[in-house]
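Student: generate coordinates for the sequence data below:
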Amino acid sequence: MTHSAPSPSPLPPRHRWKVLSAGVAANAAFSVAFSGIPMTAVLMRSGYQLDNATLGLVLGLMGLGIAVSELPWGLLTDRWGDRPVLLLGLGATALALAAMALWAAPVAGHVPGLGLLGGGLLLVGLLGGSVNGASGRAVMTWFAAGERGLAMSIRQTAVPLGGAVGALVLPWLALHLGFAALYGVLALLCALSAWMAWAWVHEPPPERAARPSAAPAASGTGPLRDARVWRIVAGIGILCAPQFAVLSFGTVFLHDFGHAGLATITAAMVTLQAGAMAMRVWSGRWTDRRGNRPAYLRACASLSVALFALLALLVFCTGAQVAAESQALRIALVVLLGVSGICVSAWHGVAYTELATLAGAARAGTALGMANTSVFLVCFLTPFSIPHLMAARGWPLVWLAAAGCALVAVPLLAPRAPSTSAGACQAPKSAKTALSRST
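Tutor: Presented below is the predicted three-dimensional model:
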């Protein structure tokens, strides 16, 4: 039974785009925090007086909080509905960020303790984990099967969109106005997205509610007992390791190894996130038309293996660091890092659609919660591990490990059996016709 507040009046079919917009806003607001704060890693390292190992731990704590909370939030979403979970989660996240602005920001003559900073980021992760499963379930219930890949990919553009905004704005805020202003702006964004959820997110009318997928999780057992769901969950999580390596320590790599300036680093990260956003929309639409989600996922993973292996080779051949006068080599590193980051970020909407289709719309919140638990556990482990890899063999080992993770993910994203794939990627013609007439 769901406890979502009923809509005050019947909602037309086109309202699904408002629901999607609210989901994008919720994910983008939180993504500015969890993807944008690592973009200030160089400034955070100096402002909070951290070494690389402690910096990696701090940057990973938000991901750990999300990982711990994702599955409980997903289960609550399937029980209560999207609206109350989004309102509760976003409102509480805004309050936590406001508290960090007041008590966990370094000011002249005072640096907050590591426990206050780490605990604050962990709490933000625990509360912000609510947005992922709730907004994903809304897509599955409001959109027909033939539109879900595109809709879910649009929703997933919120992550690179938030990351691009974070890369563009947060370093400037931290440098010129301080971390108190940074946390305050993040709190405001979460509050605004909570207002959008309150205004637009409702359960669909009975005649619009999505029917269960043609390939639900094993009969009566649910996603938690379906080996197919767990396989994709594992593949999604492992393939996120190279992505988080770029997002968490890409700025440190370009600064320390490539001797790139703040403007170059910001431009590179904004371009990376914009490219990932465009690729997610394109890939969702393309796979909706062709019905080839598993093959596309394996192709992205395989190409990521090659790109990160090439980056590791280039760094190894360069030596300890890029010489100040080696402008061409610096450009090559920036471009290759950007292309690698775009490739390993392009597949999210397709993977989440495939996963939610396997689980069935009624249990999409749980399945997406499982996936995000895997993703953000990796989000915690990746920045925590990178300083140790750097200490052992330097940056070549970091990027070689990223290539290895992508290689492990390839077989986990294997195609489903033909008997389970029918109708999963494309809606029946009659459903598409009815949908076009209703809009």
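
Student: below-threshold pLDDT in this structure: ranges please.
Tutor: Scanning the chain for pLDDT under 70 picks out 1-9, 206-221, 320-325, 414-439.

Student: element containing the residue most central in space within the chain, please.
Tutor: Taking C-alpha atoms, centre = their mean, the centroid of the chain lies closest to Val159, which sits 4.8 Å from it. For Val159, the host element (DSSP states H and E) is helix 158-176.

Student: buried stuff in whatever helix or strand comes next after that helix?
Tutor: Counting by DSSP H and E, the element after helix 158-176 in chain order, helix or strand, is helix 179-200. Buried residues in helix 179-200, counted by 16 or more other C-beta atoms under 10 Å: 179-187, 189-191, 193-194, 196-197, 200. To be clear about C-beta, it is placed using only N, CA and C from the backbone, and glycine gets the same treatment.

Student: cool, stretch 18-26 as well?
Tutor: By neighbour count on 16+ other C-beta under 10 Å, the buried set for stretch 18-26 is Lys18, Val19, Leu20, Ala22, Gly23, Val24, Ala25, Ala26.

Student: that older thread, in terms of contact, does the residue nearest to the centre of the chain touch Asn27 like I think?
Tutor: Yes: contact criterion C-beta atoms under 8 Å: Val159 and Asn27 qualify, at 6.3 Å.

Student: what comes up buried for the helix holding Val159?
Tutor: 158-171, 173-174.

Student: what angle separates it from helix 179-200?
Tutor: Angle of helix 158-176 versus helix 179-200, following axes from the mean of the first three to the mean of the last three C-alpha atoms, to 10 degrees, is 150 degrees.

Student: put the alpha carbons of helix 158-176 into PDB.
Tutor: Taking C-alpha atoms only, helix 158-176 is exported to PDB below (Å, rounded to 0.1, in the frame of the first residue of the first chain):
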ATOM      1  CA  ALA A 158      21.100  14.900 -13.600                       C
ATOM      2  CA  VAL A 159      24.300  13.300 -12.200                       C
ATOM      3  CA  PRO A 160      26.700  14.800 -14.800                       C
ATOM      4  CA  LEU A 161      24.500  18.000 -14.900                       C
ATOM      5  CA  GLY A 162      25.000  18.400 -11.200                       C
ATOM      6  CA  GLY A 163      28.600  17.500 -11.500                       C
ATOM      7  CA  ALA A 164      29.100  20.100 -14.200                       C
ATOM      8  CA  VAL A 165      27.400  22.800 -12.100                       C
ATOM      9  CA  GLY A 166      29.500  21.700  -9.100                       C
ATOM     10  CA  ALA A 167      32.700  21.800 -11.100                       C
ATOM     11  CA  LEU A 168      31.900  25.200 -12.500                       C
ATOM     12  CA  VAL A 169      30.600  26.800  -9.300                       C
ATOM     13  CA  LEU A 170      31.900  25.100  -6.200                       C
ATOM     14  CA  PRO A 171      35.600  25.700  -6.600                       C
ATOM     15  CA  TRP A 172      34.900  29.400  -7.200                       C
ATOM     16  CA  LEU A 173      32.700  29.500  -4.100                       C
ATOM     17  CA  ALA A 174      35.300  27.700  -2.000                       C
ATOM     18  CA  LEU A 175      38.100  29.900  -3.200                       C
ATOM     19  CA  HIS A 176      36.400  33.300  -3.000                       C
END
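
Student: which elements pack onto it?
Tutor: Helix 158-176 is packed against helix 15-34, helix 41-47, helix 179-200, helix 262-290, with contacts defined by 3 or more C-beta pairs under 8 Å, 6 or more residues apart in numbering; DSSP states H and E.

Student: and the helix or strand just after the last one, what does it pack against?
Tutor: The one in question is helix 262-290. Remark: after helix 262-290, the chain's next helix or strand is helix 293-318, criterion DSSP H and E. Under the contact criterion of 3+ C-beta pairs under 8 Å, 6+ apart, helix 293-318 touches helix 227-252, helix 262-290, helix 327-343, helix 348-359, helix 395-412.

Student: isn't Gly338 up against Gln273?
Tutor: No: if you go by C-beta under 8 Å, Gly338 and Gln273 don't touch, sitting 9.8 Å apart.

Student: report the buried residues of stretch 55-72.
Tutor: Residues of stretch 55-72 classed as buried: 55-71 (neighbour count, 16+ other C-beta under 10 Å).

Student: can I get it in PDB, CA atoms only?
Tutor: The C-alpha trace of stretch 55-72 is given here as PDB (Å, rounded to 0.1, in the frame of the first residue of the first chain):
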ATOM      1  CA  LEU A  55      41.300  13.500   1.800                       C
ATOM      2  CA  GLY A  56      40.400  10.200   0.100                       C
ATOM      3  CA  LEU A  57      38.700   9.000   3.300                       C
ATOM      4  CA  VAL A  58      36.700  12.200   3.700                       C
ATOM      5  CA  LEU A  59      35.600  12.300   0.000                       C
ATOM      6  CA  GLY A  60      34.500   8.700   0.300                       C
ATOM      7  CA  LEU A  61      32.400   9.100   3.400                       C
ATOM      8  CA  MET A  62      29.500  10.700   1.500                       C
ATOM      9  CA  GLY A  63      29.400   7.800  -0.800                       C
ATOM     10  CA  LEU A  64      29.500   5.400   2.200                       C
ATOM     11  CA  GLY A  65      26.500   7.200   3.600                       C
ATOM     12  CA  ILE A  66      24.600   6.800   0.300                       C
ATOM     13  CA  ALA A  67      25.600   3.200   0.100                       C
ATOM     14  CA  VAL A  68      24.300   2.400   3.600                       C
ATOM     15  CA  SER A  69      21.000   4.200   3.100                       C
ATOM     16  CA  GLU A  70      20.000   3.400  -0.600                       C
ATOM     17  CA  LEU A  71      18.400   0.000   0.000                       C
ATOM     18  CA  PRO A  72      16.300   1.200   3.000                       C
END
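
Student: so how far is that stretch off the chain centroid?
Tutor: Stretch 55-72 has its average C-alpha position 13 Å from the chain's average C-alpha position, going by C-alpha atoms, centre = their mean, to the nearest Å.

Student: now stretch 118-128
Tutor: Worked out by C-alpha atoms, centre = their mean, stretch 118-128 lies 16 Å from the chain centre.

Student: buried stuff in that stretch?
Tutor: Applying a neighbour-count criterion of 16+ other C-beta under 10 Å, one finds Gly118, Gly120, Leu121, Leu122, Leu123, Val124, Gly125, Leu126, Leu127, Gly128 buried in stretch 118-128.
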